[in-house]
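>>> Give the three-dimensional model of this entry:
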Amino acid sequence: LYATLLKWASDDLCLSFFFSEWTARSMHISVTLAILLHMAGVFHVVALSIVRYFTLKKLITGDNHIPWFSYRVCKMMILTIFFSVFLLAIPLSAMCIVARRDEKEDCVKRFAELAMIPTYELEMTDNELLVTFNFWMFHMCDKLVPSLFLCAMTWLIVRKFNQV
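Now for the predicted structure:
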């Protein structure tokens, strides 16, 4: 929504505030953080499915007098999630750069006072290998693998419920 508003305000409305370097940098930070928060959320759901499975397994085997999910295990899971997200953020944040453009031609045609006002936009890096790597890494780590894992965990949890 934020990206759509920014694009509409800069391209269609020609509001010069949205041409600024600050706006482009905040857009870059916003997009990166949105992706990372989504990724952290997906990883938390995967971690919770693991917790559910092993808790159910302990209940079924009757070995529930010793709590297996301690504060230490919880802390390790959360640290692992955030460390993984941080590692995946490195190539992700390097994929886009803030680039300077001379002026927006469509806006200058409609509003002559916008001539010679530089504009800044997000631009993909020229490194095709990095862009391709990010595409596959993001879709594998944040979409395909967690989805398949959650399907498998759902099946395993349903099987455990049948044993109750």
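>>> contacts, neighbours, all on C-alpha from now
Noted.
>>> Quick one: mean pLDDT over stretch 154-164.
On average, the pLDDT along stretch 154-164 is 89.
>>> For it, report the contacting residues that lie outside it.
Ser49, Arg52, Tyr53, Leu56, Lys57, Ile60 (CA atoms under 8 Å, 6 or more residues apart in numbering).
>>> Okay, now the unreliable bits of the protein?
1-3 (pLDDT under 70).
>>> could you point out the longest helix in this structure?
Longest helix in the chain by number of residues (criterion: DSSP state H): helix 21-61.
>>> Which neighbouring elements make contact with that one?
Judged by 3 or more CA pairs under 8 Å, 6 or more residues apart in numbering; DSSP states H and E, helix 21-61 is in contact with helix 2-7, helix 71-95, strand 96-101, strand 119-124, helix 145-162.
>>> do that again at 6 Å, thanks
With contacts defined as 3 or more CA pairs under 6 Å, 6 or more residues apart in numbering; DSSP states H and E, helix 21-61 has these neighbours: strand 119-124.
>>> Can I get the strand it packs on as PDB, trimmed to CA atoms?
Extracted in PDB, the C-alpha atoms of strand 119-124 (Å, rounded to 0.1, in the frame of the first residue of the first chain):
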ATOM      1  CA  THR A 119      14.100  12.800  -8.500                       C
ATOM      2  CA  TYR A 120      15.200   9.700  -6.600                       C
ATOM      3  CA  GLU A 121      13.700   6.300  -7.200                       C
ATOM      4  CA  LEU A 122      14.300   2.700  -6.100                       C
ATOM      5  CA  GLU A 123      16.100   0.800  -8.800                       C
ATOM      6  CA  MET A 124      17.200  -2.800  -9.000                       C
END
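>>> after that strand comes which helix or strand?
With elements assigned by DSSP states H and E, the helix or strand that comes after strand 119-124 is helix 128-139.
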